[in-house]
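Undergrad: fold the stuff below for me.
(one chain, ligands or ions: 3)
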Amino acid sequence: MRTSAPTPYTTAPALLLPPILLSSKLVVTGILSAGLALLTVVLALTGVDYWSSRTSMLQDSRVEAAIVADNVSAAVMFRDTGTANEMLAALRSSPMVLAAGVYDTDGVLFAHYVRERDPDFPTTLRAAGMEDALERPGWNLLEIIRPIEGTAAPLGTLYIRKSMREVHTRLAVRFFSALLIAVCVMAMATAMVLRSRAAVREAEHRLHALAHTDAVTGTGNRHAFNERLAAELELARSGRHRVALVYIDLDNFKTLNDTFGHAAGDGLLRQVAQRLQSVVRSTDTISRLGGDEFALTLRLDMDDVALDKYAQRIIGVFQAAYTEVGQQVNVTGSAGIATFPDDASDINALVSNADTAMYRAKEMGKNRCVRFDPSMNQAVVRRQTIEHALRAELEQQGGGLALHYQPLFAARGGAVVGAEALLRWTHAELGTVSPLEAVSVAEDCGLIIPLGYWVLRTACRDASRWNAHGPLRVAVNISARQLGDPQFLERVMDILREEGLPAHLLEVELTETVLMENMEAGAHTLHRLSQLGIHLAIDDFGTGYSSLAYLRQLPMRRLKIDRSFVRDLPEQEHSRTIVTAIVALAHGLGLEVTAEGVETPQQADYLVQQGCDVLQGYVFARPMPVAQFLALQAGVTAPTA
Ligand code: C2E
Ligand code: MG
Ligand code: MG
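TA: Ligands and ions are numbered 1, 2, ... in the order given. Predicted structure coming up:
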C-alpha cells in the first residue's frame, strides 16, 4: 500500500538549467573587446613611434644642417660655387635629402644640389617661404634652414629639403608587424577560448545528463520528469495537444527485492524500463521517480478510447514473466492516468490526480490501470475525514468502536472452537464504517498501532470472560504495520498478562500478503509469538499468489482459505480443484485448515468432505456482539450442515 504522498513539482535547481552557461554572444563580445583593445594599443604605440622618429629625425637634420653650413662657409666666403656644389652633392649619401641650396646674404641661390629634377626648387630664399622659421616639418617633407656664419658676419643661408618617406615606411613596417602579432595573439586566444568553451560545454552536457538520468534504468529521473512535464504542459497550453500522465507503481517489488536481493531488484527495474520503452512512442517519455515508481508523459493526440487501449498496452508489459532474478517471477504494476487540461489545470494537480488514480488502482486489487475521476478526490477527502474521526475516537477510548465475534465451528462435530474478533465502528456523522476501510485508513496514517492494541486488548478481555465458561480461542487480525512495531512482542505479552488470557487461547491472523512482505523482518517476531504459545494463522490464503514453500519457513498453525474460493463451491471445478489442493498441501505441512465465508449447506458439506478442520460463515453464524456470543457459547449451537 502506498504511504508516501507525491512529491510536489518544484522548479529545477540552477545546476539543472540548460547547459549553455556562457552565451555565444558574451564570448563574441569578449573577443571583439580584446581585439579592439589590442588595436588601440598598436595604434597608440605607432603614434608614439611616429612622434619619436620625427623628433629624432629633426634633431639629426639640425646637426646635419649645422655641419654642412660649417663646411660650406669657406666656399661661400670665397664665392667658390663649384666647391659649394660639390659639398652639397655629398648629401647624396643621405637618402632622405631631396635637395639642398646655399643662398647668399641677398637670398639669391648660390649653389645647390637636387636628387632628381625639381622645377619647384626655390631660386631665392623668399621663394622657399621660410623667412620667419628655421624648420618646417610637414607630413611628407621636412625643410630646414641654417645661417652660414662667417668670422665677422653671416655669409648666407643653407636650405635642406628632406623626404619623410623613410620614416613612413619604417612606421608602416612596425605598424603592420605589430598588427600581425596582435592578430596572431587574438587568433590564438580565440582558439583557446573556443576550445575551453567546448570543454565546458561538454562537461555541462555530462553534468546535465547525470543530473537527469536514473542510474539504475537509464531513463530520466525525477528532475528530468519535472522539466519534461512542465515543457509538455507549456506546449499543451499553446493549444497544440493534450498531455496524459501515467503513474506506475510496481505491486510486489518490495517482496521480490527482499527475496532475491538488491542487484536482482535493480535488474528487474531495468527490464521493466526496457519493456516500457518498447511500447511507448518516440514523443512519450519514461522517468523513474524513485523506488519502484515510474511515470510516463504522453503527448495526447488520441481520443479516450485510444488512450484506454494505449494504457492497456502499457500495463501489458507486466503480463509476461520476468527472468532477471535467475528464475521466472511475475511482476505486476498499478497505474493511474490523469490528463491535462481535462483532469487538472496545473502541474501539481496533474501529478496529484495521477497519483490518486494509481492509488485507486491498488485499492481495486492492483495489476490494473485506472483513469482519474473527480470523485476520487472525494474519496481522498473521505479518507481524511475518517482519519480525523478515528483519531478522536481512539482518544476517547473507543466510544463508537466495538468488536463483534464470529464463531468458528469444528467441521466434525460442530462444536464452537473459537471466534474471530472483527472490528465494528459506528460514527455519529459518518455512520457505519466498514472495517476494511477503517483499517486501510489507519494503516496509511499510522493509527493502526493504537487501534490494533485497542482491538487486541478488547478481544483478550472478552476472551478471558468467556474463558470462564470453557476455553475458546479468540482470533485477532493483525496488519503489517503492527508486526513492524518494535514494541509489538512486549505489548502482546503485557496485554495477555493484564487481561488474564493464556497465550494458547490467542490466535493471530496475518494475511498472506503481510507475511510475504515481512518474510525477513517479521520472522523473528512470529517465532517469538509461537514460542510464547500464541497460535499463528495465514488469513485469506490464495489471494496473494504466494507459495506455501516460502510460508512454511514460518511457524504457522492454521491456514484460512479465502472466501473467494468457497463462494463457487461446489459447482465450479476450478474452485474445487484449488480447495482440494490447498487442503492437501496444508495438511501435508501440518497446518489446520479453516474455510471462510461458508454461506450454504452445500459448501459446508463439500468442505467437510475435503477434510477442512474448521468452518466459518454466515450459514452458521454472523459476527455478533460479545453478549450474544456468550449466550451462544452457553447454549452451544451445532452447525446445521
Ligand atoms: P477477514 O479477517 O478475512 O474476516 C472475515 C470477513 O469475512 C469478515 O468481514 C466477516 O464478516 C466476513 N464473513 C464471514 N463469513 C462470511 C460469509 O459467509 N459471507 C461473506 N460474504 N462474508 C463473510 P468483515 O468483518 O467486514 O472484515 C473484513 C476484513 O477486515 C477482515 O477480513 C479483516 O481483514 C479486516 N479486519 C476486520 N477487523 C479487523 C481488525 O480488528 N484488525 C485488522 N487488522 N483487520 C481487521
Ligand atoms: Mg481474519
Ligand atoms: Mg479472511
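Undergrad: what's the weakest-modelled helix or strand in the protein?
TA: Least confident helix or strand of the chain, by mean pLDDT, DSSP states H and E, is helix 548-551 with a mean of 69.
Undergrad: after that one comes which helix or strand?
TA: Scanning forward in sequence from helix 548-551, with DSSP states H and E defining helices and strands, the next element found is strand 558-561.
Undergrad: now for that following strand, which elements pack on it?
TA: strand 535-541, helix 573-588, strand 592-595 (3 or more Cβ pairs under 8 Å, 6 or more residues apart in numbering; DSSP states H and E). The way it works is simple: take the backbone N, C-alpha and C, and place the C-beta from them, glycine included.
Undergrad: quickly compare these and say which is most buried.
TA: strand 592-595 (a mean of 25; mean count of other Cβ atoms under 10 Å).
Undergrad: ok now it, how far from the chain's centre?
TA: 49 Å (Cα atoms, centre = their mean, to the nearest Å).
Undergrad: rewinding a little: want to try JSON lines for the helices and strands packed on strand 558-561, with distance to ligand 2 as columns?
TA: Supplementary listing: these in JSON lines, determined by distance: least, Cβ to the ion, whole Å:
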{"stretch": "strand 535-541", "distance to ligand 2": "4"}
{"stretch": "helix 573-588", "distance to ligand 2": "16"}
{"stretch": "strand 592-595", "distance to ligand 2": "9"}
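Undergrad: out of those, which gets nearest to Ala74?
TA: strand 535-541 (139.4 Å; Cβ to Cβ).
Undergrad: looking at the residue in the stretch 151-300 of the chain that ligand 2 sits nearest to now. What's its pLDDT?
TA: For the stretch 151-300 of the chain, the residue closest to ligand 2 is Thr255, as judged by Cβ to the ion, at 20.6 Å. In the prediction, the pLDDT value recorded for Thr255 is 77.
Undergrad: one more: Leu91?
TA: The predicted structure scores Leu91 at 88 on the pLDDT scale.
Undergrad: quick one: it and Gly101 touch, right?
TA: No: here Leu91 lies out of contact with Gly101, judged by Cβ atoms under 8 Å, at a distance of 10.8 Å.
Undergrad: what's the overlap in contacts for these two?
TA: Tyr113 (Cβ atoms under 8 Å, 6 or more residues apart in numbering).
Undergrad: who has more neighbours, those two?
TA: In this view Leu91 and Gly101 are compared by other Cβ atoms under 10 Å, and Gly101 has more residues nearby, 25 against 19.
Undergrad: three-state assignment of the more buried one?
TA: Three-state assignment for Gly101 (DSSP: H, G, I helix; E, B strand; the rest coil): strand.
Undergrad: residues in the chain within reach of ligand 3, list them.
TA: The chain has residues 539-540, 596 near ligand 3, with proximity defined as Cβ under 5 Å from the ion.
Undergrad: give me the subset of these touching ligand 1.
TA: On the criterion Cβ under 6 Å from any ligand atom, 539-540, 596 are the entries of the residues of the chain next to ligand 3 that sit beside ligand 1.
Undergrad: what is the helix ranked longest in the chain packed up against?
TA: Among the elements of the chain assigned as helix by DSSP state H, the one spanning the most residues is helix 24-77. Helices and strands touching helix 24-77, as assessed by 3+ Cβ pairs under 8 Å, 6+ apart, comprise helix 81-89, strand 97-104, strand 109-114, strand 135-137, strand 141-149, strand 154-163, helix 165-212.
Undergrad: export the ones you listed as a markdown table, with columns for distance to ligand 2.
TA: What follows is the helices and strands packed on helix 24-77, written out as a markdown table (distance: least, Cβ to the ion, whole Å):
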| stretch | distance to ligand 2 |
| --- | --- |
| helix 81-89 | 134 |
| strand 97-104 | 124 |
| strand 109-114 | 131 |
| strand 135-137 | 117 |
| strand 141-149 | 119 |
| strand 154-163 | 119 |
| helix 165-212 | 47 |
